[in-house]
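> The following comprises the amino acid sequence and a computationally predicted model.
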Amino acid sequence: MKQHITNERGSGVILTIFCFAIVGIMLILVLNITMAFTKKEQASIAAQHASLAATSAIYDEVNDVVNSHVKIIEVEDGIQILEPLIDKVNDRKASLSSSGLSSNEIHIRAVNEVLVDEIPDDPILEIELKHAVTAAKADIPVIIRDTIDANGGKDADPVWEFKDYQIVVEAKTEFKAANQEEVIFAVDEDISQVGTGPQIPFLETLGF
């Protein structure tokens, strides 16, 4: 009888240890899944912010051209008519004021609409804009790297491209798996996500 009770107690201890082991394994699995989703979301945010920052860099350079460019139209008797590009942009912005867009969205839309109209008939403007976009492209890698780093992404050479007149950026985060001693539940790996900025319509007109 005593031997029977001792055996039951031993079985109970073994069962308790087994239950703790199962709970521990489940906790580690849940922890790994949660960390993976967190790192994926972090990479997605970093990529999206980087694509927006790179797009803003394009418009920063283009706005300088928009603010300074003046088209000269020759008329009879040597008379010249000066047409500041910014005036056309402001007129287009005024026509969009009741569109429900934010002031920044209105500005970007107006700039694109005016440039798409003006580039074909203004070779000087086309050259200035190509120089502006080229200058922005030189700065974009640093902008992307800094933005990804500021949003918790992995510090690495940025991977980006123009695709369908949008800036597409890839960002990575480092996933460190939680394991128990020699039991491997997951492996360390980089989690990659892609962010896409808004379309830049005038790039098509420029031939980018």
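Nice, I can see it. Residues are numbered from 1 along each chain as shown.

> which parts of the strand ranked longest in the chain are buried?
Counting by DSSP state E, the longest strand found in the chain is strand 166-175. Residues of strand 166-175 classed as buried under the neighbour-count rule (16 or more other C-beta atoms under 10 Å) are 166-173, 175. Every C-beta, even on glycine, is put in place using the N, C-alpha and C of the backbone.

> now stretch 66-75
66, 69.

> same thing with stretch 34-42?
Applying 16+ other C-beta under 10 Å to stretch 34-42 flags 35-36, 39, 42 as buried.

> Phi and psi next, for K176.
The phi/psi pair for K176 (degrees, to the nearest 10) reads phi -100, psi 110.

> Count the residues that sit near it.
12 (other C-beta atoms under 10 Å).

> repeat for C19
Per other C-beta under 10 Å, the neighbour tally for C19 reads 10.

> who does the closest residue to D190 other than its chain neighbours bridge with?
Excluding the flanking residues, the one nearest D190 by C-beta to C-beta, 6 or more residues apart in numbering is K172, at 4.5 Å. Note on K172: beta-bridge partners S192, judged by DSSP bridges.

> For V62, list the residues it contacts.
Counting by C-beta atoms under 8 Å, 6 or more residues apart in numbering, V62 makes contact with 111, 115, 129, 132-133, 136, 202.

> Give the buried subset of those residues as a ChimeraX selection command.
To isolate the buried members of the contacts of V62 in ChimeraX, using 16+ other C-beta under 10 Å:
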select :111,115,129,132,133,136,202
